[in-house]
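[1] Need the 3D shape of this:
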Amino acid sequence: LSWPLAVQRRVLREVGRQVGARLEFREVEKIRRFVAGGAGREIELSGGWVARLGLDGLWLERGSPPPPADFEHALPVPGEVRVPELGTVVKALLAGNRENRPGYNRAQALDRKKLAPELTIRNWRAGDRFWPAHTKSAKKVKELLQAKRVPEGERKRWPVAVSRGTIVWVRGLAPGREFAAGPECREAVVIEEITPAQDNP
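    Next comes the predicted model:
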């Protein structure tokens, strides 16, 4: 909105072109007025497109997508599980004392003796709380993802690992404070999430 009017119009038309939405002048103006009105609403455009304004930006989508279904999968320790909802494989790897193992990072490791023999990989749910290591207090997962500026469209499927009812791992965050591998840890567990194409020994 701080840009010159002509630039605003060109940017909106170009964004529409890149995603396949043909925005006529009337609809460009409709979006401009919509953006100036504040967040948390959406408007319908021609061709089945919807413009939605959230805290993380302006989105152009084909209709209002249904909320993603919850998912939940068992992950043995050690072991792996395919998560079709994410198109990834989540692995629980035993690291031991192999700090020189490629990709091993003790700051991201969990203490195996503090974990259940089987974890649950699921999407986070409303009310979930998590206490990342080296932070002052537990917070709602929603707040942690907002602080990381995770786009709203990605948040609902964001994976967490649960041990005996407590979240011990959240993608992209430090391990749970009470479960992190400390200096006394004899056997560490590293949780990795990969796409099948990356799954090369």
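[2] where does the residue nearest the centre of the chain fall, phi/psi-wise?
    The central residue of the chain, meaning the one whose C-alpha is nearest the mean C-alpha position (C-alpha atoms, centre = their mean), is W158 at 3.7 Å. Here is the backbone geometry of W158 (degrees, to the nearest 10): phi -60, psi 120.
[3] How far away from the center of its chain is stretch 176-190?
    Once both centres are worked out by C-alpha atoms, centre = their mean, to the nearest Å, stretch 176-190 turns out to sit 24 Å from its chain's centre.
[4] hmm, which helix or strand of the protein has the shakiest average pLDDT?
    Lowest by mean pLDDT, DSSP states H and E among the helices and strands of the chain is helix 152-155, with a mean of 79.
[5] Contact partners for the residue nearest to the centre of the chain?
    When the contact criterion is C-beta atoms under 8 Å, 6 or more residues apart in numbering, the partners of W158 are N123, W124, V141, L145, V150, V170, R171. Just so you know, the C-beta spots here come from the backbone N, C-alpha and C atoms, and that holds for glycine as well.
[6] Name the next helix or strand following the least confident helix or strand of the chain along the chain.
    Scanning forward in sequence from helix 152-155, with DSSP states H and E defining helices and strands, the next element found is strand 159-163.
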